[in-house]
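Got a sequence here, can you model it:
(one chain, ligands or ions: 1)
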Amino acid sequence: MHSEYSILFQDAEQLVNTIDFTYMSDALTKEEAVAILKKMDSTKAQRESELLKTGYPSYTTSCGWLGYSDEKITKLATEAMAEGTTRFKMKVGKDLQDDIRRAKIFREVIGFDKIWCVDANQKWDVQEAIDWMTALAPYKPLWIEEPTSPDDILGHAAIAKALNPLGIGVATGEMCQNRVMFKQFLQANALQFCQIDACRMGGVNEVLAVILMAAKFDVPVCPHAGGVALCELVQHYSMFDYIRCAGSLKNRMTEFADHLHEHMLDPVTINNGNYVPPKVPGFIVGIKPESLRDYEYPEGPAWQKLFEEGLFEKE
Ligand SMILES: C[C@H](O)[C@@H](O)CC(=O)C(=O)O
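Numbering: from 1, shown residues only. Predicted coordinates for the structure are as follows:
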């Protein structure tokens with residue numbers, strides 16, 4: 001793995017020099033970042049070999065999308081457990097009684113020994129989020145993701161404070177574009193799970209800054225990956241975080257959304273609920289030429305079929 005992750009195995013000073021610390025020094029200084037990396041150096045090879053053996057923990061969102069029938073949730077969660085998955089996320093926020101019923105189904109299928117999280121995708125106001133999650137607390141969600149506006153840092157802090165006694169953390173970050181926003185979330189104790197997104201952040205350097213800040217605040221990084229090719233990209237960050245920054249897998253897991261991987265040149269592999277470290281060098285995602293050809297708008301055969309079936313009208 002070392003060859004594929006060479007940039008991530010640079011010495012601490014070299015790696016830290018790739019990060020812009022402007023606006024960050026009240027949360028993490030360059031010297032603190034170097035110290036975090038150096039502290040992990042002596043044991044990083046051991047964590048690298050562990051990852052190569054067992055992989056990195058994933059959680060699945062693919063069983064709990066809004067609109068899935070009770071039967072579909074039961075079927076998919078049962079199948080996921082049979083494949084070794086022990087961490088799950090369910091979408092919430094449309095109807096409370098519907099969420100309570102689906103939460104009950106989830107816990108009946110997976111039990112209370114598995115990790116189960118919920119995601120509201122920015123649906124609620126602050127007090128509404130607190131009330132709604134209080135009603136779901138008996139089902140023991142590890143976190144509520146995006147409970148309110150992704151820009152409302154103080155709102156997230158109020159929700160986190162109110163839900164803390166119930167053992168529910170706040171997760172957010174998929175809409176966060178930069179290190180300054182994450183800095184404030186961390187300083188305000190407004191998130192307990194840091195969900196960097198590989199494509200919404202301003203590049204590798206920006207993500208490395210947030211991973212190092214999260215390590216300083218001892219906040220687990222659990223990357224968002226519920227979109228096209230995000231799993232393929234973000235797995236690298238999780239493995240870097242484990243090997244060089246956090247050094248722990250406690251409450252750390254990377255989202256796995258099981259769609260569209262068949263179009264990737266090097267699709268992610270999940271084995272027994274864990275991401276298998278990629279073997280292809282580089283931080284890249286390639287889409288198969290045949291997929292690009294078939295889905296090119298509007299002449300690609302996939303679009304032509306949709307037009308013929310009347311599902312879409314050609315503009
Ligand atoms: C599919 C969208 O990107 C979004 O619903 C994914 C998401 O919020 C998540 O996976 O978390």
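
Name the residues of this protein found near the ligand, please.
Residues of the chain lying close to the ligand (Cβ under 6 Å from any ligand atom) are 61, 119, 121, 145, 174, 224, 226-227, 255, 257. To be clear about C-beta, it is placed using only N, CA and C from the backbone, and glycine gets the same treatment.

Pull the contacting residues for the residue of the stretch 151-300 of the chain found nearest the ligand.
The stretch 151-300 of the chain approaches the ligand most closely through Gly226 (1.9 Å), counting by Cβ to the nearest ligand atom. Shown in contact with Gly226 (Cβ atoms under 8 Å, 6 or more residues apart in numbering): 61, 174, 255, 257.

Low-confidence stretches in the stretch 1-150 of the chain?
Where the stretch 1-150 of the chain drops to pLDDT under 70, the residues are 1-8.

what do you get if the cut-off is 50, keeping everything else the same?
Where the stretch 1-150 of the chain drops to pLDDT under 50, the residues are 1-4.

which residues in it form strands?
For the stretch 1-150 of the chain, the strands defined by DSSP state E, counting those that start in this stretch cover 56-64, 87-91, 115-119, 143-145.

Show me which parts of the helix or strand following the last one are buried, residue by residue.
From strand 143-145 onward toward the C-terminus, using DSSP states H and E, the following helix or strand is helix 153-163. Across helix 153-163, burial judged by 16 or more other Cβ atoms under 10 Å covers 153, 155-160, 162-163.

which secondary structure elements does helix 153-163 contact?
The contact analysis (3 or more Cβ pairs under 8 Å, 6 or more residues apart in numbering; DSSP states H and E) places helix 153-163 against helix 126-136, strand 169-172, helix 179-187.

a strand runs through Gly310, doesn't it?
No. The assignment for Gly310, made by DSSP: H, G, I helix; E, B strand; the rest coil, is coil rather than a strand.

what about it, neighbour count?
The local packing of Gly310 (other Cβ atoms under 10 Å) involves 7 other residues.

for it, what are its contacts?
Residues counted as contacts of Gly310 (Cβ under 8 Å, 6+ apart): none.

quick one, phi/psi of it?
Backbone geometry at Gly310, expressed as degrees, to the nearest 10, gives phi 80, psi 10.

okay, it: pLDDT?
Model confidence at Gly310, given as pLDDT, is 95.

Can you give me the distance of it to the ligand?
25 Å (Cβ to the nearest ligand atom, to the nearest Å).

Let me have the strands of the stretch 1-150 of the chain in JSON lines, extended by mean neighbour count.
Shown next, in JSON lines, are those (neighbours: other Cβ atoms under 10 Å):
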{"stretch": "strand 56-64", "mean neighbour count": "23"}
{"stretch": "strand 87-91", "mean neighbour count": "24"}
{"stretch": "strand 115-119", "mean neighbour count": "24"}
{"stretch": "strand 143-145", "mean neighbour count": "29"}
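
how about those in CSV, adding distance to Ala33?
As requested, these are exported to CSV (distance: least, Cβ to Cβ, whole Å):
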stretch, distance to Ala33
strand 56-64, 22
strand 87-91, 29
strand 115-119, 29
strand 143-145, 26
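
Could you say which one of those comes nearest to Ile211?
For these, the distance to Ile211 is smallest for strand 56-64, at 13.8 Å, taking Cβ to Cβ.

In the sheet, which strands lie alongside that closest one, parallel or antiparallel?
When pairing is defined by DSSP bridges, strand 56-64 lines up against strand 87-91 (parallel), strand 254-256 (parallel), strand 274-275 (antiparallel).

chain center to the second one: distance?
Spelled out, it's strand 254-256. Centroid separation for strand 254-256 versus its chain: 5 Å, with Cα atoms, centre = their mean, to the nearest Å.

Over to the longest one?
Taking the mean C-alpha point of strand 87-91 and that of its whole chain, the gap between them comes to 11 Å (Cα atoms, centre = their mean).

now the angle from that strand to helix 126-136?
On the basis of axes from the mean of the first three to the mean of the last three Cα atoms, to 10 degrees, strand 87-91 is oriented at 130 degrees to helix 126-136.
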